[in-house]
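Undergrad: Build me a model from this:
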Amino acid sequence: MLKISDIDVVIDELLPEIIKTRQVLHAHPELSLKEYKTSAFIRAQLSKLDVEVLPPFLSTDVVALLSGKKNGKNVTLRADMDALPIKEENTFPYRSGNKGVMHACGHDGHTAMLLGAAIILEKFKDHLDGSVRFVFQPGEEVVAAGKELIEKGILRDPKPIAVLALHGWPGCPTGTICSKSGDLMAAADFFKIKITGKGGHGSNSDQQNNPIVIASKIVNGLTTIPEMEFSADDSVVISITKFVGGTASNIIPNEVIIEGSTRYFAESAGKRIPDLFRKVLETECKHTEIKYELKYDRPYIATVNDPEIINGCKSITKQFIGESAWADIHDPVMSSEDFSYYINGNPGGMFFLGMGVESAGLHTNAYDFNDKAIMNGMKFLVISTFFFLNKNIFHHGNQ
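TA: Here you go, the predicted model:
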């Protein structure tokens, strides 16, 4: 009979190796869909285990299947592995060796913990009433490659009864598992608007169609959409993040580029926004010779957690990791995740793993995944897998 103490012993023995793996990954970050060395490293590690490593569905993804003593039920665990185009300012020995690229979102930690979970679960595979799928996903940042992987059918056979993922989260106490039922993370759309007018010398503004003036009005119109068209409960956020036009103080440019993002939770709200953008653009450009082009992409849907999955994970976390190891999240966050596609039609949940209240923020040049959280992260993935496949394998007194 498997005991929690058996798992704890293996975690304690494995922890130094997984921390080293995390730091190796941190030192060798790769951008989205260019994770060639990262995926090769993962495949090499998995080749040491009794798992079936599948051919790539895209090019740099790694998907492996661990079979237990019974067929049928499946739990899928997912980690992202791409880095960001940020110059790291940390000075520790394992800082990024890839200039201008760093693991500023903790995907090195996510990947290392999933490798650790694979090693532990393979060791106890004869206790598994089903299979475990390990997904090491490329391209989470910006390109939302998770959507394409799901469309390629990575979850079809076997279909999972639970899909789980961890994300390191600054501000939460170190090693704490944090989540909530329902909406956890927002949907995200990205837009690019090209405003084309007639440029010329700044002294002859009456002879030009200044795109900067119209673009400024457009920015004002777009940013008032949440207030004018939606209620506060809709939680619509429109952010202008790029405004580029002109090269000199005495030259009116021919064009201006506006870029930004839109975030929301309800699909009904998201569907309305592109037409509201076009309404603003038409209003500001009519009766002028200014032209516009709108590119509007919708790569990220909202991450909506299954209540039964969350409640089950909350219960076993408090019971087998510790009462203080779980923290309820009360309000959803406006950041986005393509893990949303994994649990769109499948029971599952995204969980935040506390990086500490003093941690640098995500997507900053000082961020570093907190190795002190790895032990709880690995244990959470392992005991959650057993819980959904075996249910009562860890009964009271079996610790």
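
Undergrad: From here on, just use CA atoms for contacts and neighbour counts.
TA: Fine.

Undergrad: any idea how far residue 36 is from residue 163?
TA: Distance from residue 36 to residue 163, counting by CA to CA, to the nearest Å: 25 Å.

Undergrad: Which one's more surrounded, those two?
TA: Set side by side, residue 36 and residue 163 show more neighbours around residue 163, with 25 against 14, by other CA atoms under 10 Å.

Undergrad: That one: what's it in contact with?
TA: The contact partners of residue 163, by CA atoms under 8 Å, 6 or more residues apart in numbering, come to 75, 76, 77, 78, 342, 343, 346, 347, 348, 349.

Undergrad: repeat for residue 289
TA: 197, 209.

Undergrad: again, only this time at 10 Å
TA: 196, 197, 198, 208, 209, 210, 211 (CA atoms under 10 Å, 6 or more residues apart in numbering).

Undergrad: What pLDDT is listed against it?
TA: What the model reports for residue 289 is a pLDDT of 92.

Undergrad: mind checking how far it is from residue 79?
TA: Remark: distance between residue 289 and residue 79 (CA to CA) = 49 Å.

Undergrad: what's the answer for residue 8, then?
TA: Between residue 8 and residue 79 the computed distance is 22 Å (CA to CA).

Undergrad: Which one's more surrounded, those two?
TA: Under the criterion of other CA under 10 Å, the comparison of residue 8 against residue 79 puts residue 79 first, with 25 against 15.

Undergrad: Mind giving me the packing neighbours of the helix or strand hosting the more buried one?
TA: Using DSSP states H and E, residue 79 sits in strand 74-80. The contact analysis (3 or more CA pairs under 10 Å, 6 or more residues apart in numbering; DSSP states H and E) places strand 74-80 against strand 62-67, helix 107-123, strand 131-137, helix 145-152, strand 162-169, strand 348-354, helix 374-390.

Undergrad: how about those in CSV, adding mean pLDDT and distance to residue 204?
TA: Putting the helices and strands packed on strand 74-80 into CSV (pLDDT from 0 to 100; distance: least, CA to CA, whole Å) gives the following:
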stretch, mean pLDDT, distance to residue 204
strand 62-67, 98, 59
helix 107-123, 99, 53
strand 131-137, 99, 54
helix 145-152, 97, 48
strand 162-169, 99, 53
strand 348-354, 99, 56
helix 374-390, 98, 63
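
Undergrad: what's the most buried one of the ones you listed?
TA: Neighbour counts (mean count of other CA atoms under 10 Å) averaged over each of the helices and strands packed on strand 74-80 peak at strand 348-354, with a mean of 27.

Undergrad: Parallel or antiparallel, which strands does the strand holding residue 79 pair with?
TA: Using DSSP bridges, the strands paired with strand 74-80 are strand 131-137 (parallel), strand 162-169 (parallel).

Undergrad: could these be laid out in CSV, adding distance to residue 14?
TA: Below are those laid out as CSV (distance: least, CA to CA, whole Å):
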stretch, distance to residue 14
strand 131-137, 18
strand 162-169, 19
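
Undergrad: Apart from its chain neighbours, what residue comes closest to residue 309?
TA: residue 348 (5.9 Å; CA to CA, 6 or more residues apart in numbering).

Undergrad: make that residue 171, sorry
TA: The nearest residue in space to residue 171 (CA to CA, 6+ apart) is residue 357, at 4.0 Å.

Undergrad: any idea how far the closest residue to residue 63 other than its chain neighbours lies from residue 376?
TA: Leaving aside its chain neighbours, residue 63 sits nearest to residue 135 (4.6 Å; criterion: CA to CA, 6+ apart). Separation of residue 135 from residue 376 (CA to CA): 20 Å.

Undergrad: hang on, the earlier thing: my guess is the residue nearest to residue 309 meets residue 166, correct?
TA: No: between residue 348 and residue 166 there is no contact under CA atoms under 10 Å: 11.5 Å.

Undergrad: any shared contact partners between the two?
TA: Going by CA under 10 Å, 6+ apart, residues that sit against residue 348 and also against residue 166 are residue 77.

Undergrad: and residue 397, what pLDDT?
TA: With respect to pLDDT, residue 397 has a value of 44.

Undergrad: by contact count, what packs against the helix or strand harbouring residue 228?
TA: Per DSSP H and E: residue 228 is located in helix 225-229. Helices and strands touching helix 225-229, by 3+ CA pairs under 10 Å, 6+ apart, are strand 237-244, helix 267-285.

Undergrad: next structured bit after the longest one?
TA: Think helix 267-285. Counting by DSSP H and E, what follows helix 267-285 is strand 291-300.

Undergrad: If we go by neighbour counts, what in that next one is buried?
TA: 291, 292, 294, 296, 298, 299, 300 (16 or more other CA atoms under 10 Å).

Undergrad: For the residue sitting nearest the centre point of the chain, what are phi and psi?
TA: Nearest to the mean C-alpha position of the chain, by CA atoms, centre = their mean, lies residue 337 at 3.6 Å. When read as degrees, to the nearest 10, the backbone of residue 337 gives phi -150, psi 140.

Undergrad: Also residue 187?
TA: phi -70, psi 160.

Undergrad: so what strands line up beside the lowest-mean-pLDDT helix or strand in the chain?
TA: In the chain, no helix or strand scores lower on mean pLDDT, DSSP states H and E than strand 200-201, which sits at a mean of 88. Strand 200-201 has its sheet partners listed here by DSSP bridges as strand 251-252 (antiparallel).

Undergrad: tell me the mean pLDDT for the strand it pairs with?
TA: 94.

Undergrad: now it, how far from the centre of its chain.
TA: Remark: strand 251-252 is offset 41 Å from the chain centroid, using CA atoms, centre = their mean, to the nearest Å.
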